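Asker: Need coordinates for the following:
(chains A, B, C and D, ligands or ions: 2)
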Amino acid sequence: MSSDTLTLKVEFGGGLELLFSNKRIRDVTIPAFVPGDSSVPSPESESIQPTSLKQADVTFLLHYLREKHLTDRPELFMEKDTVRPGILVLINDTDWELEGEGDYVLKDKDEIVLISTLHGG
Amino acid sequence: MSSDTLTLKVEFGGGLELLFSNKRIRDVTIPAFVPGDSSVPSPESESIQPTSLKQADVTFLLHYLREKHLTDRPELFMEKDTVRPGILVLINDTDWELEGEGDYVLKDKDEIVLISTLHGG
Amino acid sequence: MQDVENTALSESDLSRSPSLHRDDYLRYGRQMILEGFGLPGQAGLQRSSVVVVGAGGLGCPALQYLAASGVGRIGIIDHDMVELSNLQRQILHNESTVGVYKAISAAQAIQKLNSKIQVDIITEALHSSNAIALLYPYNVILDCTDNAPTRYLLSDTAVSLGKPLVSGAAQKFEGQLSVYNFGDNGPCYRCIFPRPPAMETVGTCEETGVLGAVTGVIGTMQALETIRIITGLHDGKPTLLLYSALTVPFFRSVKLRSKKPSCIACGGDGVKNGTIEETDYVAFCGGVRPNWEQKGLSSG
Amino acid sequence: MQDVENTALSESDLSRSPSLHRDDYLRYGRQMILEGFGLPGQAGLQRSSVVVVGAGGLGCPALQYLAASGVGRIGIIDHDMVELSNLQRQILHNESTVGVYKAISAAQAIQKLNSKIQVDIITEALHSSNAIALLYPYNVILDCTDNAPTRYLLSDTAVSLGKPLVSGAAQKFEGQLSVYNFGDNGPCYRCIFPRPPAMETVGTCEETGVLGAVTGVIGTMQALETIRIITGLHDGKPTLLLYSALTVPFFRSVKLRSKKPSCIACGGDGVKNGTIEETDYVAFCGGVRPNWEQKGLSSG
Ligand SMILES: [Zn+2]
Ligand SMILES: [Zn+2]
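Answerer: Ligands and ions are numbered 1, 2, ... in the order given. As a prediction, the model looks like this:
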């Protein structure tokens, strides 16, 4: 592990994987420090210094997944700066509400699961 | 974590817990270095230097569990230096055979599960 | 419900539970000898009442194991009738009950398995207007339904009635299981999902596929969670079980939040009454049922 | 078995599977629209044969979901008769089939659910002398038995016949599930447990308690693993699933070793023939059945 990036295991379930090229599990590597507004730096803007940096948190990860990995219907994934109703975020098998939700500061090798609630029977 | 001891999570299942005061899960702290013959040092013999030391391995853990935690019928737990037929050892959710069996060198926070195979239906 | 202590039973215990028939020791012996279960557990099951909402893919296995275990009174709420397309997973129904109300078909099946229990058949559709009255008589409510509006209605009603809600769901190769409104400080469904998802969300409006055995695993575990609640074997910790039949590991146990003070259904912030919109309960997916024959021909 | 590719189907595919009746698209539509399943999956199930050894706590739910899913031919091997004490968990039997052979009682139940499938009833006890002949006709073998000797016999026979063995077990609040002798290099039961446990080992000789829904979860998952094998949805990686209904997490998926070259049943070291002792298959627990009524009174 290099100290300037974090590698996370991200898993989708409950149908949410359909928005992410139908791939359930992927390793995602993100910078350890990111723009304070959670904007995802594009490769060409790398030399531009953002006005503020923060440690990478779950809110940034959501933005990052939307920018880099989402392939279909982004409106079904996020609403404003968080996930859409009916989606639950799990941090190392714990409801993200218990971990600070979007403000949770990610650690290398964290396991993040994003699921849609199921309604079928 | 102090570097001279290891703390492990040990879980029993499949009925094996009955030999260990019917407690399924326990934290077990063992020395990081142990006698080469896997003998369990008793408190009063601590000053006696054994002729050889090795890093604590699963074979030592089995001896340790038998000495310190087993409460009933030791002959149902071990046979010679290993577990009895019908008992499977799992190291971090992997069959111990894939990890070197008794020779696996334990790391702090390892999860060791010992189960009896079930026959009922 | 009650906390059952694991104690050896004497003849005097027996006389305090005169309702357990001598045959029942034979019938339920294999579970009565379990540690923490015993005669108190069996008598507890017999005194309990459980209502299963939905006699479909989840409800069938749940009903089957609840009846087999000796739950004294079981209500079945379902206003649908059995169709041939149900038999791939709704294993209490059979070819001869196609066209019969599911609640009746399921009741016949479990009564055949256990004639000693009382079975209530409710073929009315569950609405916000009748939910309290229909669910009131039972100790535990099982959500075995197949749509979001009924799930919100069941959760809000369980909160109003102060009863645990054992909630299962299944779709494709996946399942989810949780007990809501239970334990010291357990959340309700709305604590976790405050608002219903948008109607255009993945897989809500069209009937999606599901493997029968997946509903079987979740429905059976709903029965098991119910039995644990009744016999005092449930630890009350809010947990969500995620199941996926095609990925390893198959299961994840997720630790859930506690009840939210701000929850509009169960919260203590005084905002709860009147803020739940009736529209949450209106089925937003009234669309036509897909033509499975055509689907079978055109999708892989 | 076969690898099913996930492809859109054309009319020409249909003509290659003339055996799938038009009604079957309706009946199995909910599973046929699943990704990776489709018409090839359904046709594969219909062409397959499966044998379930033991029509008890594990066999009943397994049979139920195999029949519902449309497996073409199902054999049921069980020489016992239904007793009242079985009904707490053996949910294909019912009060009116007490005293009937379990294989017959179970066959009646699944045939009622699905009259299109072929059901073979075998009321002979399985022995080392007849195992090969009885199991030979089937593609997949399910171990739903309740004793160690039969488990070794089934594993050794599955190895001889080169067929996958879907093995389930349940006791008290716990269950175990694994597929043996499957995949590129999957182990057999003896690779993991070379010798039967000593007869005085915990809980072998006396019938121990078991919660019905626990056998239900494992038996249902045995059906699911079988369906995955037949439809090509199984990854073939050797895994042991551990289930405990009272501890969190409920489930653990354990990665198992590969086939052992030194295994006396499936190994390649040339030592295999003749080294398996016939005594492995002799039931060493012939003791009397406990008196459940008395147990109910004396244990908690
Ligand atoms: Zn709430
Ligand atoms: Zn082998």
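
Asker: Please make it C-alpha for all contacts and neighbour counts, starting now.
Answerer: Fine.

Asker: Quickly note the distance from C:Ile218 to D:Ile33.
Answerer: Distance from C:Ile218 to D:Ile33, counting by C-alpha to C-alpha, to the nearest Å: 20 Å.

Asker: out of the two, which sits in the busier spot?
Answerer: When neighbours are counted by other C-alpha atoms under 10 Å in any protein chain shown, C:Ile218 and D:Ile33 differ, and C:Ile218 comes out ahead with 31 against 25.

Asker: can you tell me how far the more buried one sits from chain B?
Answerer: 20 Å (C-alpha to the nearest C-alpha, to the nearest Å).

Asker: helices or strands up against the host helix or strand of that residue?
Answerer: C:Ile218 belongs to helix C:212-231 when elements are defined using DSSP states H and E. Applying 3 or more C-alpha pairs under 8 Å, 6 or more residues apart in numbering or on different chains; DSSP states H and E, one finds that helix C:212-231 makes contact with helix C:38-47, helix C:59-69, strand C:165-171, strand C:174-180, helix D:59-69, helix D:212-231.

Asker: Across the sheet, point out what pairs with A:Thr29.
Answerer: With DSSP bridges applied, A:Thr29 shows beta-bridge pairing to A:Thr7.

Asker: which residues sit in contact with C:Thr220?
Answerer: Contacts of C:Thr220 were listed using C-alpha atoms under 8 Å, 6 or more residues apart in numbering or on different chains, and they are C:58, C:61-62, C:65, D:213, D:216-217.

Asker: Just the closest of the residues you listed to C:Lys163, please.
Answerer: C:Ala62 (17.9 Å; C-alpha to C-alpha).

Asker: what about the closest one, neighbour count?
Answerer: Residues lying near C:Ala62 (other C-alpha under 10 Å) number 30.

Asker: per-residue pLDDT, it?
Answerer: pLDDT for C:Ala62: 98.

Asker: Which residue, neighbours along the chain excluded, lies closest to the residue in the stretch 151-300 of chain C that chain B sits nearest to?
Answerer: When scored by C-alpha to the nearest C-alpha, the stretch 151-300 of chain C has C:Pro249 as its residue closest to chain B, at 10.3 Å. Once flanking residues are discounted, C:Pro249 sits nearest to D:Ser253: 5.4 Å by C-alpha to C-alpha, 6 or more residues apart in numbering or on different chains.

Asker: Return the distance of the helix or strand that neighbour falls within from the chain's centre.
Answerer: Element membership for D:Ser253 (DSSP H and E) is strand D:251-255. Here the centre of strand D:251-255 is set off from its chain's centre by 19 Å, with C-alpha atoms, centre = their mean, to the nearest Å.

Asker: List the residues that contact residue 87.
Answerer: You didn't pick a chain, so chain A it is. Applying C-alpha under 8 Å, 6+ apart, the residues near A:Ile87 are A:77, A:114-117, C:193.

Asker: actually it's chain C I care about, not the one you picked
Answerer: So C:Leu87 contacts C:93-95, D:27, D:68, D:113 (C-alpha under 8 Å, 6+ apart).

Asker: What average pLDDT does stretch C:50-59 get?
Answerer: The average pLDDT within stretch C:50-59 is 98.

Asker: Give me the distance between the two termini of that stretch.
Answerer: 12 Å.

Asker: how about it against chain A, any contact?
Answerer: Yes: applying C-alpha under 8 Å from any C-alpha of the partner chain, one finds stretch C:50-59 in contact with chain A at C:56-58.

Asker: Go through these and say which is closest to ligand 1.
Answerer: Nearest to ligand 1 among the residues of stretch C:50-59 next to chain A, counting by C-alpha to the ion, is C:Leu58 at 23.7 Å.

Asker: Just give the closest residue to the closest one, not the sequence neighbours.
Answerer: C:Gly219 (4.2 Å).

Asker: if we can go back for a sec, who wins on neighbours among the residues of stretch C:50-59 next to chain A?
Answerer: Highest neighbour count within these: C:Leu58, with 37 neighbours (other C-alpha under 10 Å).

Asker: per-residue confidence for the residue of chain A found nearest ligand 2?
Answerer: Proximity of chain A to ligand 2 (C-alpha to the ion) peaks at A:Ile25, 32.1 Å away. Listed pLDDT for A:Ile25 reads 95.

Asker: residues touching it, list them.
Answerer: A:Ile25 sits next to A:9-12 when contact means C-alpha under 8 Å, 6+ apart.

Asker: Name the SS class of whichever residue of the stretch 1-150 of chain C sits closest to chain A, please.
Answerer: In the stretch 1-150 of chain C, the residue that lies nearest chain A is C:Asp146 (4.1 Å; C-alpha to the nearest C-alpha). Secondary structure assignment for C:Asp146 (DSSP: H, G, I helix; E, B strand; the rest coil): coil.

Asker: That one and ligand 1, how far apart?
Answerer: Going from C:Asp146 to ligand 1 by C-alpha to the ion, to the nearest Å gives 21 Å.

Asker: Contact distance from ligand 1 - what residues of chain A qualify?
Answerer: Residues of chain A lying close to ligand 1 by C-alpha under 5 Å from the ion: none are found.

Asker: In TSV: the helices and strands packed on helix C:212-231, plus distance to D:Leu39.
Answerer: Formatted as TSV, the helices and strands packed on helix C:212-231 follow (distance: least, C-alpha to C-alpha, whole Å):
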stretch	distance to D:Leu39
helix C:38-47	44
helix C:59-69	26
strand C:165-171	19
strand C:174-180	20
helix D:59-69	13
helix D:212-231	10
